[in-house]
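# okay, sequence plus prediction incoming.
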Amino acid sequence: MTRTQLILLFVAGLLLVGLLTLAFMATVGASLALPVAYLAWLAGLVFRSVPQWLWWVWFLLMAFVIAAKSFSTRDRGALQPPPNEIVSQGPVRAWTRRVYLATKGSYFRWRLAHDLAELCLSLQAYHDRRGLARYNRREYIEELAAPPQVLAYFRAGLASQPMENPTVFARLTRWWRSNASDLPVDLDPQIAVSYLEDQLENRDDR
């Protein structure tokens, strides 16, 4: 066979394949079009046979269910705090957080001194077998046989809360005192904790 005959034979084969493909697609389309048309006609018939008010009731019920689910999911999300804000903490973690926050500012140092002073007074009141609520804390703290710096630390913790927005004069006074000498609340809290540990050990020995 010549080259021309081969080309003609190849073109004829492509045309034959194309015609067969078109015939197959037409057959498949006809076989699918009839069921689809029947289903559409049947759906329209069902839709027209149901009263219109019943469709409105169904749509309203679906809208109510979707809205109720949306609000319930939103409420659960609002009531549940994020994982990093869960309040459930053990005492060790709570005290560790207080010590960490004490490095962030004077208010947190005062807060830590206040909590340690309250803890010390509670232990002292338990040892003395008398109610802490009946006594003035500033007077009761003076009965402790604590080192002067620890006693000053507890006094500062029981004093009034430092102002959040101090005046210019108060800021200058605080700046001068912090440069002249360390403030009582600037004491290393480990010293106060060591005093509390010594008190507990001495009472256990008794």
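Now that the structure is in, tell me what you want to look at.

# now V92: which helix or strand?
Using DSSP states H and E, V92 maps to helix 91-101.

# got the contact list for that helix?
Q89, F108, R111, L112, D115, P189 (C-beta atoms under 8 Å, 6 or more residues apart in numbering). Quick note: C-beta positions are derived from backbone N, CA and C, even for glycine.

# the same query, at a cut-off of 10 Å, please.
If you take C-beta atoms under 10 Å, 6 or more residues apart in numbering as the criterion, helix 91-101 is touched by 87, 89-90, 107-109, 111-112, 114-116, 119, 189-190, 193.

# in that helix, which residues are buried?
Neighbour-count burial for helix 91-101 flags W95, R98 (criterion: 16 or more other C-beta atoms under 10 Å).

# mark which of the contacts of helix 91-101 are buried, thanks.
Buried among those (16+ other C-beta under 10 Å): F108, R109, R111, L112, H114, L116, P189.

# correct me if wrong: the third one contacts L158.
This means R111. No: in this structure, R111 is not within contact of L158 by C-beta atoms under 10 Å, at 11.9 Å.

# surely R137 and L119 touch.
No: using C-beta under 10 Å as the test, R137 is too far from L119 to be in contact (12.0 Å).

# identify the contacts common to those two.
In contact with both R137 and L119: F154, using C-beta under 10 Å, 6+ apart.

# downstream of the helix or strand of the chain with the lowest mean pLDDT, the next helix or strand is which one?
Across the helices and strands of the chain, mean pLDDT, DSSP states H and E gives its lowest value to helix 168-180, namely a mean of 53. Later in the chain than helix 168-180, the nearest helix or strand by DSSP H and E is helix 189-205.

# hmm, who's touching that following helix?
With contact meaning C-beta under 10 Å, 6+ apart, helix 189-205 is reached by 95, 98-99, 102, 109, 112-113, 115-117, 119-120, 123-124, 126-127, 144-147, 149-151, 153-154, 157, 188.

# go again with 6 Å.
Helix 189-205 has contacts (C-beta atoms under 6 Å, 6 or more residues apart in numbering) with L112, L116, C120, A146, V150, Y153.

# got the buried residues for it?
P189, A192, Y195, Q199.

# okay, the angle between that helix and helix 91-101?
150 degrees (axes from the mean of the first three to the mean of the last three C-alpha atoms, to 10 degrees).

# run the angle between the helix or strand where C120 lies and helix 189-205 for me.
Using DSSP H and E, C120 sits within helix 106-128. Between helix 106-128 and helix 189-205, the angle comes out at 10 degrees (the same axes, to 10 degrees).

# and helix 106-128, what's its mean pLDDT?
Averaged over helix 106-128, pLDDT sits at 86.

# what's the first helix or strand after that helix?
helix 137-140.

# got the buried residues for that following helix?
R137, Y140.

# packing partners of the next helix or strand after it?
Next in sequence after helix 137-140, counting helices and strands by DSSP H and E, comes helix 148-158. Applying 3 or more C-beta pairs under 6 Å, 6 or more residues apart in numbering; DSSP states H and E, we find helix 148-158 packed against helix 106-128, helix 189-205.
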